[in-house]
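>>> just the structure for this:
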Amino acid sequence: MAYDFDTERKKQNKFEALPEGRYNVKAIKAEAKVVQASGNEMMTVTFQVGDKGEYNGRRLFDNFVLKSTVFWKLFSFFDAGGKEDFPKNGDELNDIVDAAVGLTASVFVEVEEERNRLSGYKPIPEDVKKDLEFDGDIEFSEGENKKVVPDASFQ
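Take a look at the predicted model:
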């Protein structure tokens, strides 16, 4: 059997850093984890780029450590995704993970040591949202329990 490796290679989501710039993304996976060195809880999020063009479908990754000195980053992400009142007092890590999946945001991507660093989460303007393309299902996990949620419309 002959394989079309050239086409398949182009489909693969490479882990090469994306060029610096602003991208519109959707959180397609979130996981609850613990930072080994500090013992702090954190949420890891996998984003998919929705902008049309060369980088459509590519993945970006970010970590949100649950520590008061860096809560601003978590708040920035949820605010950009339209959940300005979240998280609330008493919410636990799994509540935060559940709420993250499906959120969309515009994020600034920088390149540091051949890796992407995400910052500057902002809401995606409504007129831009209609032109974005996301594919596949979105997934989240609660500790070891992974769930797949059908692709949802923008929240």
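>>> the closest residue to residue 25 other than its chain neighbours pairs with what?
In space, and not counting its chain neighbours, residue 25 is closest to residue 47: 3.8 Å by CB to CB, 6 or more residues apart in numbering. Every residue, glycine included, has its C-beta placed from N, CA and C. With DSSP bridges as the criterion, residue 47 is bridged to residue 27, residue 60.
>>> residue 117 now?
Here residue 117, judged by DSSP bridges, has bridge partners residue 110.
>>> please apply the same query to the one 5 residues further on.
According to DSSP bridges, residue 106 are recorded as the beta-bridge partners of residue 122.
>>> correct me, but it touches residue 81?
No. The pair residue 122 / residue 81 is not scored as a contact, 10.2 Å apart, by CB atoms under 8 Å.
>>> before we move on, back to that, okay, the residue nearest to residue 25: pLDDT?
For residue 47, the model assigns a pLDDT of 96.
>>> ok, residue 127 next?
Taking residue 127 on its own, its pLDDT is 93.
>>> number of residues surrounding it?
As a burial measure, residue 127 scores 7 neighbours (other CB atoms under 10 Å).
>>> what's next to the lengthiest helix in the chain, contact-wise?
Ordering each helix of the chain by length in residues (DSSP state H) puts helix 71-80 first. The contact list for helix 71-80, computed with CB atoms under 8 Å, 6 or more residues apart in numbering, reads 43, 45, 62, 64, 66, 84, 86-87, 96, 99-100, 103, 105-107, 119-124.
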